[in-house]
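In: build the 3D model from these lines:
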Amino acid sequence: MTEEQPTTAGAAASESLDLGAILGGPFRDPRALPKFLGGCLAVIGILFFGLGLLALLGFAFQTAQRARRGEEHPMPEWGDLGQLLGDGLRVLGVVLGYLLAPLALSIVAAVLSIIPVLGSLADFVLGPVTLLLGLLAVVLLPVALAQMVASNEIGSAFRIQENLRLIQAHLGTYVVFLLIVILIEVLEAASFALCGIGIIPGLFWSQAAFGIGLGQSARTMGI
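Out: Numbers count the residues shown, from 1 in each chain. Take a look at the predicted model:
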């Protein structure tokens, strides 16, 4: 997949995150209906095949790439399923890479909890460390994905020092994006209230909205 040159910092500085485009963008697409139908099938596929998760992650990733380039309707078509699955696998690799340390410590703490004497010590020592590492992973993961969206290389997601510098240089934009991500998660959870079945299109919408927001953030931060 070929990528355009990254947006210059000067051009990005004149832009800001568009909440309406992030939340409403998936519905404004002229081909929203077939894309939503494909997304709903992918959500259902999570339960039965597991590949549905990779397809959704790949869809969000390609949506972010298109949003970063400034496309009016950034959601891709579902035609190239192989590319979507490949991109989704790379996204999953980045997510697991960032969550590896807290997950490993959680497993160690669970094993030690079986031993009466060590269980309390594990909770006292490993609990706060695991929580801290988990919070750091959650905070750093969006900028890591934004780096991969821009470069199309998985290695760029793990340039920790560079990612920290980007957050520091664009702290306001990054905090706003994190708040938007929380809002998306809240709205996704609320979709379950629509007779339960609303969670299926709701899950797809949340991935599409996250992709648009991630692409906008990368563009605004000049990544």
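
In: just after the helix or strand of the chain with the lowest mean pLDDT, pick out the following helix or strand.
Out: In the chain, the helix or strand scored least confidently by mean pLDDT, DSSP states H and E is helix 9-13, which has a mean of 44. Moving toward the C-terminus from helix 9-13, the next helix or strand (DSSP states H and E) is helix 19-28.

In: helix or strand: which one has Ser106?
Out: Going by DSSP H and E, Ser106 is part of helix 81-112.

In: quick one: average confidence on that helix?
Out: Helix 81-112 shows a mean pLDDT of 90.

In: against which helices or strands is it packed?
Out: With contacts defined as 3 or more C-beta pairs under 8 Å, 6 or more residues apart in numbering; DSSP states H and E, helix 81-112 has these neighbours: helix 51-68, helix 116-151. (Glycine included, C-beta is placed from N, CA and C.)

In: compute the inter-axis angle for that helix and helix 51-68.
Out: Computed with axes from the mean of the first three to the mean of the last three C-alpha atoms, to 10 degrees, the direction of helix 81-112 lies at 110 degrees from that of helix 51-68.

In: what are the buried residues along helix 81-112?
Out: Using 16 or more other C-beta atoms under 10 Å as the test for burial, helix 81-112 gives 84-85, 87-88, 90-91, 94-95, 98-99, 102, 105-106, 109, 112.

In: and which of these is nearest to Val175?
Out: Tyr98 (18.8 Å; C-beta to C-beta).

In: now, of the helices and strands packed on helix 81-112, which is deepest in the fold?
Out: When the helices and strands packed on helix 81-112 are scored by mean count of other C-beta atoms under 10 Å, the highest mean neighbour count falls to helix 51-68 (a mean of 24).

In: got the angle for that helix vs helix 116-151?
Out: Inter-element angle recorded for helix 51-68 and helix 116-151: 50 degrees (by the same axes, to 10 degrees).

In: tell me how far Leu183 lies from Leu81.
Out: Counting by C-beta to C-beta, to the nearest Å, the gap from Leu183 to Leu81 is 30 Å.

In: same check on Cys40?
Out: Taking C-beta to C-beta as the measure, Cys40 falls 15 Å from Leu81.

In: likewise for Val111?
Out: Taking C-beta to C-beta as the measure, Val111 falls 39 Å from Leu81.

In: could you look up the SS state of Pro30?
Out: Per DSSP: H, G, I helix; E, B strand; the rest coil, the local secondary structure of Pro30 is coil.

In: burial count for it?
Out: Pro30: 8 surrounding residues under other C-beta atoms under 10 Å.

In: ramachandran angles for Ala208?
Out: Note on Ala208: backbone dihedrals following degrees, to the nearest 10 are phi -70, psi -40.

In: pretty sure it contacts Leu57?
Out: No. Look at Ala208 against Leu57 with C-beta atoms under 8 Å: they stay out of range, at 11.7 Å.

In: quick one on the thing from earlier: lowest average pLDDT across the helices and strands packed on helix 81-112?
Out: Lowest mean pLDDT within the helices and strands packed on helix 81-112: helix 116-151, at a mean of 85.

In: which strands or helices does that one pack on?
Out: Applying 3+ C-beta pairs under 8 Å, 6+ apart, one finds that helix 116-151 contacts helix 51-68, helix 81-112, helix 160-169, helix 171-190, helix 199-220.
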